[in-house]
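Colleague: next one to model:
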Amino acid sequence: MNLELRQLRYFIAVAEELHVGRAAQRLHMTQPPLSQAIQGLEAMLGADLFIRQKRGITLSAAGHALLPEARRLIKDSLALPELVRCAALGEVGHISLAFVSTADYNLLPPLLRDFRSRYPQVQISLREATSDVQLEALRLGQIDLGLMIPPIPEKLADMLNYQAILSEPLILAAPSDSTWLSNKLQVSLLECQGQPLIIFPRAIAPAFYDSILGCFQSVGITPEIGQEAIQMQTIIGLVSAGMGIALVPQSVSNLKRPGVVYRELEQITPLIETGLAWRRDNHSPVLHAFIELTRKNK
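Modeller: Numbers count the residues shown, from 1 in each chain. As a prediction, the model looks like this:
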């Protein structure tokens, strides 16, 4: 069946006018081709759409059933150019974004708020995941974007693009009842000597892990690893429980947890970077609209 929108327009005109002559005038055509088009439509559908009597025509049961659907199809067809335009500009569609837990305290909320306000018709799927899990999901094409802590492994360097968004220093998170904790706004890592360290496993975020241990090594301390956890909320929860201390990105201080205090460090710490990674072969307009927004907000 090769049903054409033109045939539906003809049918709607006749159905609304209930007069082939008036419908022909409305359509700026002569009556014979309009009658032929209606008869062709009925033959195609296998049912009479009109009851033809000497005193005029009325809609048949089949015609009554077709009329609202024909109007809907015509209305939808008129919306197609705008739909296509919006899709080409990334204003409609879907995007899947994975993010590390640290991004929940700095980048993610304002990014999502800004993107939703600019592109309200785009559906966003969110997934919290560590950087290593995100990299594998990107490799497999399971997500569009990863908000992660670099680096990008060499084996994926030709597959992925990466854009840095935020760099921030490390600060100390410690139990608030620590007797050794200074009341100063800044403390030295030397004051932390002997305190168990709570940290991410190295396999999950090697650069992050090495940066933290490097801070201690720079002052001649080899910390005792007390606990490992993959979620920032868990790390801060363990600090709150008095299980040890942690070095965390500065924005994590936005996570207010009873029993935890945050202090700046006297030592200069390496900056922890967070950025976006995506596949080079992903040409989704929605994806590039999101990336462009992050560039404007930097």
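Colleague: and residue 80, helix, strand or coil?
Modeller: State at residue 80, reduced to three classes by DSSP: H, G, I helix; E, B strand; the rest coil: helix.
Colleague: counting neighbours, what do you get for it?
Modeller: Residue 80 is flanked by 9 other residues according to other Cβ atoms under 10 Å. Glycine gets a C-beta too; all of them are placed from N, C-alpha and C.
Colleague: with residue 258 instead?
Modeller: By the criterion of other Cβ under 10 Å, residue 258 has 6 neighbours.
Colleague: list the contacts for it?
Modeller: By Cβ atoms under 8 Å, 6 or more residues apart in numbering, residue 258 lies in contact with 176, 240.
Colleague: over to residue 194?
Modeller: By Cβ under 8 Å, 6+ apart, the contact set of residue 194 is residue 224.
Colleague: could you check how far it is from residue 168?
Modeller: Using Cβ to Cβ, to the nearest Å, one gets 27 Å for the distance from residue 194 to residue 168.
Colleague: now residue 273
Modeller: 8 Å.
Colleague: mind showing which ranges of the chain have poor pLDDT?
Modeller: For the chain, residues meeting the criterion pLDDT under 70 lie at 1, 83, 86-87, 89-90, 297-298.
Colleague: start and end of stretch 15-30, how far apart?
Modeller: Stretch 15-30 has its terminal residues 17 Å apart, counting by Cα to Cα, to the nearest Å.
Colleague: name the element residue 208 belongs to?
Modeller: Here residue 208, judged by DSSP states H and E, is contained in helix 206-217.
Colleague: contacts for that helix, please.
Modeller: Contacts to helix 206-217, defined as Cβ under 8 Å, 6+ apart, come from residues 149-151, 170, 189, 192, 197, 199-202, 222-223, 247, 265, 267, 269-270, 272.
Colleague: quick one, which of these are buried?
Modeller: Among the contacts of helix 206-217, those classed as buried by 16 or more other Cβ atoms under 10 Å are 149-150, 170, 189, 192, 197, 199-200, 223, 247, 265, 267, 269-270, 272.
Colleague: related to what we said a few turns ago, and the contacts of helix 206-217, which of them are in strands?
Modeller: With strands defined by DSSP state E, the entries of those inside them are 170, 197, 199, 247, 265, 272.
Colleague: chain neighbours aside, what residue packs nearest to the second one?
Modeller: Read that as residue 197. Nearest residue to residue 197, sequence neighbours excluded (Cβ to Cβ, 6 or more residues apart in numbering): residue 223, at 4.2 Å.
Colleague: and for the last one?
Modeller: Nearest residue to residue 272, sequence neighbours excluded (Cβ to Cβ, 6+ apart): residue 249, at 4.8 Å.
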